[in-house]
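Chemist: my questions concern the predicted model and sequence given below.
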Amino acid sequence: MRYIHPVGGHEKFVASGIYHHQYDGVDTGTTESWSIHELPDGAWMIRVDEDYRAQDGSSVLIEGWRSPLTEGGQLLRVDIHAFSGKHDDIKQVRATYTVDEDVLQIGREINNGEREWYTLQLPAGYILSPECLIFAGFEVDELATRQDKRASVIGYFPTFISDYAFKPVVYQPVARFIGDEQLTLGNKTYQARHFEQTESLHLWVDQHTILLKYEAGDASHGAVLHQYAHR
């Protein structure tokens, strides 16, 4: 697993795993490796390595800092280092999303150029959710508590083909809890909560709000968690 910053000696292991993307039940070669470590104050450092090199040559490395549960357990900072494939005009993007009270501060560098700064007024009840699978479990679990009310989810455009590259985007999905199910992955069976999100996205999440599996649309696209470990 690649990372922006290595795990520090003061960090304690919480969980890790690798998502394998699938099409029609067959692995595509795209993976998302992730790990969660706890800092001394109870905050979490969440690291993600999105590896699309087998598909288009691109990669996205992410670090997310989530506040201690005693302080709300909210994602307050996200760092992104993104590297495109060979044929994209934009070769590299570095971005930082930082929550500052009721404002989101966004810094972005393209191809090692000058850093551009943007601000976004945070809507009430917002959810900051990077565009990768480990955060999808946290997101859908929170959305389902809103009882079919739309919430503002803040993500970004994961693209290298325009000036929109990794700029913020706000959308308003809804989610509903379908039921508790047993889900077998490999040789292990988990107790999972099954959710449906906007546009027939089905997600299975364990008791730690870790996404175990998802299926999109007609179930041709999806991902399954492998090598899952939790303390």
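Modeler: That came through fine. Quantities reported herein were computed from a predicted structural model and do not represent experimental measurements. Numbers count the residues shown, from 1 in each chain.

Chemist: do you have the helices of this protein handy? List them.
Modeler: Using DSSP state H, the helices of the chain run over residues 133-144.

Chemist: give me the low-pLDDT residue ranges for it?
Modeler: 148 (pLDDT under 70).

Chemist: mind redoing it with 90?
Modeler: Applying pLDDT under 90 to the chain flags residues 25, 85-89, 146-150, 161-163, 198-200, 217-220.

Chemist: spit out the contact partners of Glu116.
Modeler: 107-110 (CB atoms under 8 Å, 6 or more residues apart in numbering). C-betas here are computed from N, CA, C, even on glycine.

Chemist: with only the CA atoms kept, save stretch 22-33 in CSV.
Modeler: What follows is stretch 22-33, C-alpha atoms only, in CSV (Å, rounded to 0.1, in the frame of the first residue of the first chain):
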residue,chain,number,x,y,z
GLN,A,22,-15.6,-6.1,-10.1
TYR,A,23,-17.5,-6.1,-13.3
ASP,A,24,-20.0,-9.0,-13.8
GLY,A,25,-18.4,-10.7,-10.8
VAL,A,26,-14.9,-10.6,-12.2
ASP,A,27,-12.1,-8.5,-10.7
THR,A,28,-11.1,-5.6,-12.9
GLY,A,29,-7.6,-5.1,-11.5
THR,A,30,-8.6,-1.9,-9.8
THR,A,31,-8.1,-2.0,-6.0
GLU,A,32,-8.5,0.4,-3.0
SER,A,33,-6.2,-0.4,-0.1
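
Chemist: which outside residues touch that stretch?
Modeler: 1, 16-21, 48-52, 54-55, 132-134, 220-224.

Chemist: can you rerun that using 6 Å?
Modeler: 1, 18-21, 49-52, 54-55, 132-133, 220, 222 (CB atoms under 6 Å, 6 or more residues apart in numbering).

Chemist: may I ask which of the residues you listed has the most neighbours?
Modeler: Tyr19 (27 neighbours; other CB atoms under 10 Å).

Chemist: from Phe166, how far out is the closest residue to that residue other than its chain neighbours?
Modeler: Here the nearest residue to Tyr19 in space, its sequence neighbours aside, is Glu32; by CB to CB, 6 or more residues apart in numbering that works out to 4.2 Å. Using CB to CB, to the nearest Å, we find Glu32 at a distance of 17 Å from Phe166.

Chemist: can you check Leu61 too?
Modeler: Counting by CB to CB, the gap from Leu61 to Phe166 is 12 Å.

Chemist: related to what we said a few turns ago, what's the burial count for the residue nearest to Tyr19?
Modeler: 22.

Chemist: about what we covered before: now the two most distant members of the contacts of stretch 22-33.
Modeler: Greatest spacing in these, by CB to CB: Met1 and Ser220 (27.5 Å).

Chemist: quick revisit: in terms of neighbours, single out the busier of Leu61 and Phe166.
Modeler: Legend: neighbour count by other CB under 10 Å for Leu61 and Phe166, higher for Phe166 (24 against 20).

Chemist: what about Leu120, neighbour count?
Modeler: Neighbours of Leu120 (other CB under 10 Å): 15.

Chemist: my read: it touches Leu104, true?
Modeler: Yes - using CB atoms under 6 Å, Leu120 is in contact with Leu104, at 4.3 Å.

Chemist: leaving out sequence neighbours, find the closest residue to His226.
Modeler: For His226, the spatially nearest residue (CB to CB, 6+ apart) is Ile18, at 4.9 Å.

Chemist: hmm, back to that, ok, of the contacts of Glu116, which come out buried?
Modeler: When those are checked for burial by 16 or more other CB atoms under 10 Å, the buried set is 108-110.
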